[in-house]
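Student: Fold the following for me, if possible:
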Amino acid sequence: MAAPIESLLNEICESEDPIEELKSLRTAVLATPVSGLRPAVSGARLEIIFSLLNTNDKEQIEVCVEILSRVLQALEPVQLAQNYRTALQSGLNHPDDSVKVLTLTQIGRVAGHTEGVTQMLNNVEILHDVIQCISVERIAVAKEAIAALSKLSNTKAGLDALFRSDLLNKLKDVMLTSDIIRYRVYELIVEVSTVSPVSLGYCANSGLISQMLEELTGDDVLVRATAIEMVTNLAQSQHGRQYLAQQGIMDKISSVQKIFGAHNYLKLKTYLNEGSYYVTAVSAVTTEGAD
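Tutor: Numbers count the residues shown, from 1 in each chain. Predicted coordinates:
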């Protein structure tokens, strides 16, 4: 199947209106196991497919995304980062959200690879763009951005980059976009914090956990309710519960009893003290009885 795929790529290069050739290539790559694609794409020039994303033609974008979603799986993460760095950065800034999702998924693969992390850290501009994607309206884009940054934070080098460099300022700038975006960043912080005590230390030193805890006593009932859920998620790890206890967080939580009622407050208190084994997820708590 390698030869037909290479042949189709050549036809696409020579065509002024390549949509039919793209469809044929899509059929070919979807019919080929990923292992069978490796010989075809290892020496192939996929830049032509990336370049064809630069159009207003929705159908062409859709077909190109389907092709790339398949063939890029055949590339090793380091190879992807080294050979298609420019294409990945362009994808993060593409106006079509499906291209952003594709790109962030691939960046997540790179960030989750030991050698790939080094490649990512050598391109701060890409990391800036990944953080910016947290503020995109479509939640699927934001979720992929959060997932990629979370994978990056699984290494000390990644933690240093995200919390001890200008990237932290970028995170804080993005948080100013809206309440929704601020809580997306909190979601990332909680996800990173639950990995290990070391990760929690980085997040705590950034000041973002303290900022999240302050939301518990804000004026907006919905914001406070969301803060409760975030704190609950942080409490799912033992080191998270210990940190919250050290911060005297139960005193703050008591001030938002009225949002949940005494029964649900006791559930949350038990959760923080004992862990999720004893109670059901507090994220299901309603705001019944709120003022």
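Student: Give me the domain ranges for the protein.
Tutor: Recorded structural domains for the chain (assignment: the TED database) are 59-184, 207-275.
Student: quick one, which of these is packed in tightest?
Tutor: Comparing the domains of the chain by mean neighbour count (mean count of other Cβ atoms under 10 Å), domain 59-184 ranks first with a mean of 19. (Each C-beta comes from the backbone N, C-alpha and C, glycine too.)
Student: tell me the mean pLDDT over that one?
Tutor: Confidence over domain 59-184 (mean pLDDT, whole number) is 94.
Student: Now the terminal residues of it, how far apart.
Tutor: End-to-end distance of domain 59-184 (Cα to Cα, to the nearest Å): 31 Å.
Student: now swap in stretch 30-49 and tell me
Tutor: 15 Å.
Student: from the chain's centre, how far out does that stretch sit?
Tutor: Relative to its chain's centre, stretch 30-49 lies at 26 Å (Cα atoms, centre = their mean, to the nearest Å).
Student: picking that back up, with distance to A40 added, can I get the domains of the chain in JSON lines?
Tutor: Converted to JSON lines, those look like this (distance: least, Cβ to Cβ, whole Å):
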{"stretch": "domain 59-184", "distance to A40": "8"}
{"stretch": "domain 207-275", "distance to A40": "43"}
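Student: Of all these, which one is nearest I12?
Tutor: domain 59-184 (9.8 Å; Cβ to Cβ).
Student: Pull out the buried positions in stretch 48-60.
Tutor: Under the neighbour-count criterion of 16 or more other Cβ atoms under 10 Å, stretch 48-60 has 49-50, 52-53, 60 buried.
Student: Can you give me the end-to-end span of that stretch?
Tutor: End residues of stretch 48-60 are separated by 13 Å (Cα to Cα).
Student: Stretch 143-159 too?
Tutor: By Cα to Cα, the extent of stretch 143-159 from end to end equals 19 Å.
Student: same question, stretch 102-120
Tutor: 17 Å.
Student: Show me the contact partners of that stretch.
Tutor: For stretch 102-120, the surrounding residues in contact (Cβ atoms under 8 Å, 6 or more residues apart in numbering) are 65, 68-69, 72, 76-78, 80-82, 85, 88, 91-92, 94, 126-127, 130, 133, 141, 144-145, 147-149, 151-152, 154-155, 157-158.
Student: picking that back up, from the buried residues of stretch 48-60, which land in strands?
Tutor: Secondary structure assignment by DSSP state E places none of those in strands.
Student: farthest-separated two in these?
Tutor: F50 and Q60 (12.4 Å).
Student: what about the helices in the stretch 1-150 of the chain?
Tutor: Secondary structure of the stretch 1-150 of the chain (DSSP state H, counting those that start in this stretch): helices at 2-14, 19-30, 34-42, 47-51, 58-71, 77-83, 85-92, 97-111, 114-121, 124-132, 139-152.
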